[in-house]
Structure formats: C-alpha cells, structure tokens
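Asker: kindly generate the corresponding structure for this input.
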Amino acid sequence: MMRKKILILLSFAILLSPNLALSDCVDLGRSTSWYAQGARTIIFYVGPRPIAYVDIWNCTADPSSTIRLVKTYVCDGDKIIVDGDECTIMTVSSASAGSYWR
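Answerer: Numbers count the residues shown, from 1 in each chain. The predicted structure follows:
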C-alpha cells in the first residue's frame with residue numbers, strides 16, 4: 001500500500017516538473033558576447049554563432065545590462081548575475097545539443 005502511494009506521488013512529481021527530465025547544461029565560459037532578447041532571455045554567442053538561450057526568472061536584462069557568470073558550466077536552476085542581482089536560470093537551451101528551438 002505504501003509502495004503504491006510513493007509510486008503515485010513520484011509519477012505526479014515527474015508530470016509536474018518536465019524541465020527536470022529535459023534540462024540542458026551549457027559551457028557559457030567560452031562565450032564571447034551576449035544579447036538580451038526581451039527582458040528575460042539572454043542569447044550567448046561564440047563569435048557570430050549563438051551557443052545558448054538562457055531564460056531568467058527573477059530578474060530582467062536589457063542591452064545595457066552587465067552579465068556575470070557565477071560558474072562557466074550552467075544548467076537549469078543555476079544562478080547568473082545581471083546588473084549585480086543574482087538571477088535564477090529557468091531554462092538553458094544549447095544550440096549544439098539540438099535543443100535550440102527558438
């Protein structure tokens with residue numbers, strides 16, 4: 001009986017948080033530039049080639065923002081510094097992993 005309840009709860013957790021199964025990680029330390037697309041999406045580039053989209057949650061970015069990485073290899077849920085404020089990365093999508101869908 002207890003085992004069945006745990007299985008049901010685990011199933012709901014997976015259904016309610018699909019980003020855990022679909023999360024991506026990217027080495028942003030190799031980026032040479034970035035561009036703020038809208039207020040909550042930052043595109044990172046190596047030369048003219050985009051390498052990742054980063055969607056932030058509790059901050060906004062604009063073209064004049066200062067972006068600083070807390071660590072070079074980032075995943076969903078990691079932190080990034082935008083204009084001195086610590087922001088949570090909601091999703092990171094890599095161009096090389098084929099998840100670059102925008």
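
Asker: residues in contact with the closest residue to Cys25 other than its chain neighbours?
Answerer: In this structure, Cys25 finds its nearest non-sequential neighbour in Cys75, 4.0 Å apart by CB to CB, 6 or more residues apart in numbering. Bear in mind the C-beta positions are built from the backbone N, C-alpha and C, glycine included. Shown in contact with Cys75 (CB atoms under 8 Å, 6 or more residues apart in numbering): Ser23, Asp24, Cys25, Val26, Ile89, Val92.

Asker: can I get the residues you listed in a markdown table including neighbour count?
Answerer: What follows is these, written out as a markdown table (neighbours: other CB atoms under 10 Å):
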| residue | neighbour count |
| --- | --- |
| Ser23 | 16 |
| Asp24 | 18 |
| Cys25 | 14 |
| Val26 | 24 |
| Ile89 | 21 |
| Val92 | 24 |
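
Asker: over to the residue nearest to Cys25: give its phi and psi.
Answerer: Cys75 has phi and psi values of phi -130, psi 170 when expressed as degrees, to the nearest 10.

Asker: what about it, distance to Ala52?
Answerer: Cys75 sits 11 Å away from Ala52, going by CB to CB, to the nearest Å.

Asker: just the strands in the chain please.
Answerer: Taking DSSP state E as the criterion, the chain carries its strands at 25-27, 33-37, 41-46, 49-56, 67-69, 73-75, 79-82, 85-94.

Asker: burial measure for the closest residue to Val70 other than its chain neighbours, as a count.
Answerer: Computed as CB to CB, 6+ apart, the closest residue to Val70 that is not its neighbour in sequence is Lys79, at 4.7 Å. A count of neighbours around Lys79, defined by other CB atoms under 10 Å, yields 13.

Asker: quick check: Lys79 touching Asp85?
Answerer: No - the criterion here is CB atoms under 8 Å, and Lys79 misses it with Asp85 at 10.1 Å.

Asker: how confident is the prediction for the residue nearest to Cys25, by pLDDT?
Answerer: pLDDT, Cys75: 95.

Asker: now the strands of the chain as CSV including distance to Met1?
Answerer: Shown next, in CSV, are the strands of the chain (distance: least, CB to CB, whole Å):
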stretch, distance to Met1
strand 25-27, 39
strand 33-37, 50
strand 41-46, 46
strand 49-56, 41
strand 67-69, 48
strand 73-75, 37
strand 79-82, 41
strand 85-94, 37
